[in-house]
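Student: turn this into a structure:
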Amino acid sequence: MNPTDLVVSRLEGARPAGQRMWMAKCPAHDDRQASLSVKEGDDGRALLNCHAGCKTEDIVANLELAMGDLFPDRDQRGNDIVAKYDYLDEHGKMLYQVVRLVPKSFRQRQPDGNGGWKWNMEGARRVLYRLPEIAKSKPGAMVLVVEGEKDAEALATFGFLATTNVGGAGKWLPEYSAALKGRIVIILPDNDQPGAAHASLVAKALAGVAAAVKVVELPGLPPKGDVSDWIAGGGTRVGLERLIEASPGKIPQTFKPSMRRLTGERAARLEAGKKILTFGVAFLDQAMGGIFRSDVILYGAASGVGKTQLAAITAGANCRRGHRVHYFALEAEEREIERREKYRALAKLYYAAGGKTPIRYQDWYYGQLDGVLGRFEDEADAVLEETMANLRTFYRDDAFTADDFLTQFEALKGETDLVILDHFHFVDSEDENDNRAAKKLAKAIRDSAKNSGTPVIVVAHLRKAERMVRDPLVPSLEDFSGAKDIGNVATKAVVLAPAYAASSPDGRHWGTYLAARKNRPDMSVTRYVALNTFDVRLNTYATKYRIGRIVDGEKRKEFKMLEPAEKPFWCDETGDGQREVSW
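Tutor: Numbers count the residues shown, from 1 in each chain. You can find the predicted model right below:
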């Protein structure tokens, strides 16, 4: 704001009276007829004239301004000052000031003790910008470090405590680090090489001083872009909080007002809801609502029951929907996941063409069905070219440890929508203590999912039948091998068990029990068990299922189908998703 506009803004009822001229009531006397004229001089100063004879100094004082406010602020070279940033000590005393000029440049000046300025920094104590607020903050408070006062001010409008250092990138001093002792520091670098170097410099300087340090790179910045550019492009407080939460690194938790936590809750929830993935099995999608961001999901079954098959079905279903899936096939031989998908495509084409002779994956894998399915190879490959375009697989050829998993997962940052680890007990450890090794891997999986927002499916063994915690008809969460660690980190858990009585005598269909043994958003679904059918010919589960519960029989546990009135409202046994729900 120039001097004339500043004066006019302080005057009540000022009205235009010509080119850059106004008339108003004089604040220095009981004026009833607007005897004060205000005009902009040729040099940009504000010219005040009270026709009743009041002194300019009295008028200025009554406006709560200083005489210096009547003059355009310029540096010694005549460049206009368009912004001023005060650097204060802990008690609010000005130490020096950074000014922005036109043409764009920055200079520093400090008070000379006589109401003027010294245009240098000689003898000035260097401090962080907005130091009084930092000094008043408590250990554990979050402080955002940026490159420039304008960015710090922009973040302050969002309610963040933000700071910077005079001189910009590469000018960090030890005393700045001391001021941030015990704080949680978030560094937001500019999008250029000096910005990255500065972020690294500050992070290293704060190691062991700050309670925690994170470097958060803002997405979508232009070259040399900064926080202000990100905000101008639509960035919000809630958006920045999400970026901080999702970025690598750990921040100690602190108490926050609940209503502040609810700020932006609806928008975040609706946005996350757009990214829900599918299990690829009707009952699981209906009961648990699909796969959500940061989910850690366990798939468990005894050997040979089909847990890897279920994982492959989930992978394929999401790839066909355009989602990016990365599959750690640690137990499988190379190409096994791709072969299962290819067989499914071939089998569908075969039966669609009127095929009558039953086929199965094993015979095709052994090369015994080429005369039957070979004619569909090209068509199947064309289908897979589209449906499997987003699938990436990893097969081990050497030792694979928890650290290897973390390294691979970090490399997938922003490049995947779902990670499958198949399976938990095929991750190697040099630790002779199996429980300690399992705990380390479970923690690595949990932290990877939480920090990245990427869901992880973990395939795991169950205990042997004689060691089951409960009746082995349908296993429980406690029956996962290593349950104490892997079960604790999971948000959802699925178990499979054979339903021999429901299998077809000719071996074309396997009866399979499916149950959700953990579902953090709604544990009520763990009461139910689905009797599903695995079609050996198509290598997939049937869409339809029957829902029931496990009850005590005369001699053992039994599956009992529910009566219509007993079925949960979300259940659609036809699998077509058209069940109507009335409230």
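
Student: mind checking pLDDT for K464?
Tutor: Listed pLDDT for K464 reads 65.

Student: again, but for K484
Tutor: The model reports K484 with a pLDDT of 64.

Student: E147 now?
Tutor: pLDDT for E147: 94.

Student: state the distance from it to S228.
Tutor: Taking C-beta to C-beta, to the nearest Å as the measure, E147 and S228 are separated by 10 Å. Glycine gets a C-beta too; all of them are placed from N, C-alpha and C.

Student: tell me which of these two has more neighbours.
Tutor: The neighbour count for E147 versus S228, taken as other C-beta atoms under 10 Å, is higher for E147 (26 against 17).

Student: that one: what secondary structure?
Tutor: coil (DSSP: H, G, I helix; E, B strand; the rest coil).

Student: now do V494
Tutor: Relying on three-state DSSP, one would call V494 strand.

Student: just give me the neighbour total for A282.
Tutor: Per other C-beta under 10 Å, the neighbour tally for A282 reads 24.

Student: quick check: G511 touching L496?
Tutor: No. With contact defined as C-beta atoms under 8 Å, G511 does not reach L496; the gap is 11.1 Å.

Student: who has more neighbours, those two?
Tutor: Ranked by neighbour count (other C-beta under 10 Å), G511 and L496 place L496 first, with 23 against 18.

Student: can you pull the pLDDT of the residue nearest to the more buried one when sequence neighbours are not counted?
Tutor: Spatially, and ignoring its direct neighbours in sequence, L496 is nearest to A301 (3.9 Å; C-beta to C-beta, 6 or more residues apart in numbering). What the model reports for A301 is a pLDDT of 87.

Student: separation between V551 and A497?
Tutor: Plainly put, V551 is 15 Å away from A497 if you go by C-beta to C-beta.

Student: when those two are compared, which one has more neighbours?
Tutor: For V551 versus A497, neighbours defined as other C-beta under 10 Å are more numerous around A497 (23 against 9).

Student: returning to that earlier point: quick check: phi and psi on the residue nearest to L496?
Tutor: Per-residue torsions, A301: phi -170, psi 160 (degrees, to the nearest 10).

Student: how about stretch 310-325 as PDB, C-alpha atoms only?
Tutor: Taking C-alpha atoms only, stretch 310-325 is exported to PDB below (Å, rounded to 0.1, in the frame of the first residue of the first chain):
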ATOM      1  CA  LEU A 310      -6.700 -66.100  -3.500                       C
ATOM      2  CA  ALA A 311      -3.900 -63.600  -3.600                       C
ATOM      3  CA  ALA A 312      -3.500 -64.100  -7.300                       C
ATOM      4  CA  ILE A 313      -7.200 -63.600  -7.800                       C
ATOM      5  CA  THR A 314      -7.100 -60.300  -5.900                       C
ATOM      6  CA  ALA A 315      -4.100 -59.200  -7.900                       C
ATOM      7  CA  GLY A 316      -5.800 -60.000 -11.200                       C
ATOM      8  CA  ALA A 317      -9.100 -58.400 -10.300                       C
ATOM      9  CA  ASN A 318      -7.400 -55.100  -9.400                       C
ATOM     10  CA  CYS A 319      -5.200 -55.100 -12.500                       C
ATOM     11  CA  ARG A 320      -8.300 -55.500 -14.600                       C
ATOM     12  CA  ARG A 321      -9.700 -52.400 -13.000                       C
ATOM     13  CA  GLY A 322      -6.600 -50.400 -13.900                       C
ATOM     14  CA  HIS A 323      -4.800 -50.500 -10.500                       C
ATOM     15  CA  ARG A 324      -1.100 -51.000 -10.200                       C
ATOM     16  CA  VAL A 325      -0.200 -54.200  -8.300                       C
END
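
Student: please compute how far that stretch lies from its chain's middle.
Tutor: Average the C-alpha atoms of stretch 310-325, do the same for its chain, and the two points are 22 Å apart (C-alpha atoms, centre = their mean, to the nearest Å).

Student: list the contacts of it.
Tutor: The contact list for stretch 310-325 (C-beta atoms under 8 Å, 6 or more residues apart in numbering) reads 277-281, 291, 299, 301, 327, 337, 340-341, 344, 387-392, 415-420, 422, 457, 459, 494, 496, 540-541.

Student: now do the helices in the stretch 351-500 of the chain.
Tutor: Along the stretch 351-500 of the chain, the stretches classed as helices by DSSP state H, counting those that start in this stretch are 361-365, 370-373, 377-387, 402-411, 434-452, 483-489.

Student: what residue ranges in the stretch 351-500 of the chain score low on pLDDT?
Tutor: 464-472, 481-484 (pLDDT under 70).

Student: point to the residue nearest the middle of the protein.
Tutor: Per C-alpha atoms, centre = their mean, the C-alpha nearest to the average position across the chain is that of A246, at 3.6 Å.

Student: over to it: give its phi and psi.
Tutor: phi -80, psi -20.

Student: if you skip the residues just before and after it, what's nearest to it?
Tutor: Nearest non-adjacent residue to A246, counting by C-beta to C-beta, 6+ apart: G453, 5.2 Å away.

Student: roughly how far apart are that neighbour and M259?
Tutor: Separation of G453 from M259 (C-beta to C-beta): 24 Å.

Student: got it, and L462?
Tutor: Using C-beta to C-beta, L462 is found at 44 Å from M259.

Student: just want to know which of these two has more residues nearby.
Tutor: Counted by other C-beta under 10 Å, L462 and M259 do not tie: L462 has more neighbours, with 24 against 7.

Student: show me what that one bridges to in the sheet.
Tutor: Bridge pairing for L462 (DSSP bridges) gives the partners F480.

Student: just checking, it touches A301?
Tutor: Yes. L462 is within contact range of A301, at 6.3 Å (criterion: C-beta under 8 Å).

Student: overlap of the contact sets of these two?
Tutor: 475, 495.

Student: could you list every residue that touches A442?
Tutor: By C-beta under 8 Å, 6+ apart, the neighbours of A442 are 482, 485-486, 488-489.

Student: if we use 7 Å, what do you get?
Tutor: 485-486, 489 (C-beta atoms under 7 Å, 6 or more residues apart in numbering).

Student: what of N191?
Tutor: Taking C-beta under 7 Å, 6+ apart as the test, what N191 contacts is 221-225.
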